[in-house]
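S.K.: have a look; sequence and predicted model below, questions after that.
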Amino acid sequence: MIEVEQVHKRIGSRDILQDISFTWRENRMYGIIGPNGAGKSTLLSLLSGVEPYQSGRIRLRGRPIEQYGRKELARWLAVLQQEALPKAAFTVREIVAMGRYPFQNWLGQEEEDAEELVDRALELVGLHGMESRRLNQLSGGERQRVALAKVIVQQPQLILLDEPTTYLDIGYQVQLLDTVRRLQKNEGLTVAAVLHDLNLAAQYCDELIVLQDGKIAASGTPEEVLTADLIRSVYGADPIVLRHPEHGVPQVLLRRGKDLE
Ligand SMILES: Nc1ncnc2c1ncn2[C@@H]1O[C@H](COP(=O)(O)OP(=O)(O)OP(=O)(O)O)[C@@H](O)[C@H]1O
């Protein structure tokens, strides 16, 4: 689905990403983790085709990403970014329906019944009944769910999520990631999410990539990657790593400073 080969991204005189290589397959959920400023969002922008890079190669379904037109990319790749929602006072329903733009002809018509898709997406994210509310009348968490519904109506093969759980309380964090994971499994999609919460990353992702200073510090299954040593060396925190009592995946407990004992 995605092949990234020795990609290098420079902004000004700074190397933001260096020597990035990996292959992502269909029907998998990938997590991108790492400290602030490591290059996670930049990597996601490169994969979505909106950012150029200096050297290396990104191939989507065997074709270099540069060869795709905007609309063609949007027909099978969707990015969840709350900041990318329109600022003006559109209704929830209007915004979610905007996810169908790539499928419309120049008259704004399309073959699929978009209304039905919008209804289903609103239902899936629990926003049914709020469809005529305006975006500026919603909380951060509700807006995040609008952004997910807009992604769902796009019916993408690949979903890129940039910190999707920001603004969400723990109940909605689990609900959002459950929805994404169910969709990924039911439709056989590829999903990649930048996540700060290592415990959620371990529970939802098949594989993780750890970025540090623009380079891949580790990659593999959560079991392989989330060790106390790795977390210490990448984040400078000294954690306790346990197994989840139900799922067996690694879970990270933080320790406060020794002087506070
Ligand atoms: N337009 C830009 N101009 C200059 N530097 C930039 C630009 N965009 C990003 N950077 C720098 O590139 C580095 C990587 O940024 P990026 O946003 O990809 O990191 P991140 O891992 O997503 O961080 P965070 O966890 O804080 O969101 C940072 O040091 C950032 O300051």
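M.R.: Structure's in. What do you need?

S.K.: now the helices: where do they sit in this protein?
M.R.: 40-47, 70-74, 92-97, 114-124, 140-153, 170-187, 198-204, 222-225, 228-235 (DSSP state H).

S.K.: right, and those - which one's nearest Q104?
M.R.: helix 114-124 (8.3 Å; C-beta to C-beta). Glycine gets a C-beta too; all of them are placed from N, C-alpha and C.

S.K.: kindly export the closest one (C-alpha atoms) in CSV.
M.R.: Output of helix 114-124 as CSV, limited to C-alpha atoms (Å, rounded to 0.1, in the frame of the first residue of the first chain):
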residue,chain,number,x,y,z
ALA,A,114,-24.3,10.9,-0.5
GLU,A,115,-27.2,11.6,1.9
GLU,A,116,-27.2,8.0,3.0
LEU,A,117,-23.5,8.0,3.5
VAL,A,118,-23.6,11.2,5.6
ASP,A,119,-26.4,9.7,7.8
ARG,A,120,-24.4,6.6,8.4
ALA,A,121,-21.2,8.5,9.3
LEU,A,122,-23.1,10.8,11.7
GLU,A,123,-24.6,7.7,13.3
LEU,A,124,-21.2,6.0,13.6
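
S.K.: the closest residue to C205 other than its chain neighbours: what's it in contact with?
M.R.: Counting by C-beta to C-beta, 6 or more residues apart in numbering, C205 lies nearest to G31, which is 3.7 Å off, once chain neighbours are set aside. Going by C-beta atoms under 8 Å, 6 or more residues apart in numbering, G31 touches 192-195, 201, 204-205, 207-209, 222.

S.K.: okay, and the beta partners of G31?
M.R.: Counting by DSSP bridges, G31 forms beta bridges with A193, L208.

S.K.: quick one: it from W24, how far?
M.R.: 11 Å (C-beta to C-beta, to the nearest Å).

S.K.: name the residues contacting each of the two.
M.R.: Common contact partners of G31 and W24 (C-beta under 8 Å, 6+ apart): A192.

S.K.: returning to what we had before: worst average pLDDT in the helices of the chain?
M.R.: Note on the helices of the chain: helix 70-74 shows the lowest mean pLDDT, a mean of 86.

S.K.: grab the CA positions of it and hand them over as CSV.
M.R.: Extracted in CSV, the C-alpha atoms of helix 70-74 (Å, rounded to 0.1, in the frame of the first residue of the first chain):
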residue,chain,number,x,y,z
ARG,A,70,-5.2,16.2,-5.8
LYS,A,71,-8.7,14.9,-6.5
GLU,A,72,-7.4,11.4,-7.3
LEU,A,73,-5.5,11.2,-4.0
ALA,A,74,-8.6,12.5,-2.1
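
S.K.: next, the buried residues of it.
M.R.: 73-74 (16 or more other C-beta atoms under 10 Å).
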